[in-house]
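A.B. asks: sequence first, then the predicted structure:
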Amino acid sequence: MSRFERWNLWVTSALVVITGIGLFGVKYLMTPVEPWAVINHPVQPWLLKTHILVAPFMVFAVGSITLRHVWQHYRSGQPQGRTSGIATALVVVPMIVTGYLIQVVTSVGWLQAMVVVHLVTGTVYALALSLHQAANRSRGPSDVRPEPPRPARRPRRDSPRRGRAPDRPHATP
């Protein structure tokens, strides 16, 4: 994983987790001043908007490391950080899907189910990613690997022109 990929993943994940915790706090742990208030705290809409705006960047960051880090280490059977890495990879899809569904589901029962799944998978994602970093901290800076070299291109064969048969040696009768 390159330094940019690591930085991108950690910054976007931290922003999503911080705004998610803040949103949970103001929405579910605070009581509104007025009984008919739509929001519990004036910062609630800002936290929600920031959470929704930063989340696609985190999805991009996760997607950018999927082949070169997640899949590569899974196939190689690397033991260090394997459990926390697999846990992170397994919860990221339901976390993302429920995050989008929360914005579009209108049924109260389904919405509550999506919120519960999103909160649980988001919490597991944050904890598993932190444990994954702690498990791999002993590696030090050598964990940042350059992109693997690309295989050399094979020389291009001369392709026949359109409408003509390829030049082949003719057998003499």
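C.D. replies: Yep, that arrived. None of the values given here were measured: they were computed from a predicted structure. Residues are numbered from 1 along each chain as shown.
A.B. asks: list the buried residues in stretch 22-40.
C.D. replies: 22, 23, 26, 40 (16 or more other CB atoms under 10 Å). The C-beta positions use only the backbone N, C-alpha and C, and glycine is treated the same way.
A.B. asks: endpoints of it, how far apart?
C.D. replies: Stretch 22-40 has an end-to-end distance of 12 Å (CA to CA, to the nearest Å).
A.B. asks: ok, now stretch 33-52?
C.D. replies: 26 Å.
A.B. asks: average pLDDT across that stretch?
C.D. replies: For stretch 33-52, the mean pLDDT works out to 89.
A.B. asks: what's that stretch in contact with?
C.D. replies: 15, 16, 19, 20, 22, 23, 26, 27, 30, 31, 32, 103 (CB atoms under 8 Å, 6 or more residues apart in numbering).
A.B. asks: and of those residues, the nearest to residue 60?
C.D. replies: Residue 60 lies nearest to residue 16 out of those, by CB to CB, at 11.9 Å.
A.B. asks: give me the element the closest one is part of.
C.D. replies: Assigned by DSSP states H and E, residue 16 belongs to helix 3-24.
A.B. asks: next SSE after that helix?
C.D. replies: Using DSSP H and E, the first helix or strand after helix 3-24 is helix 44-65.
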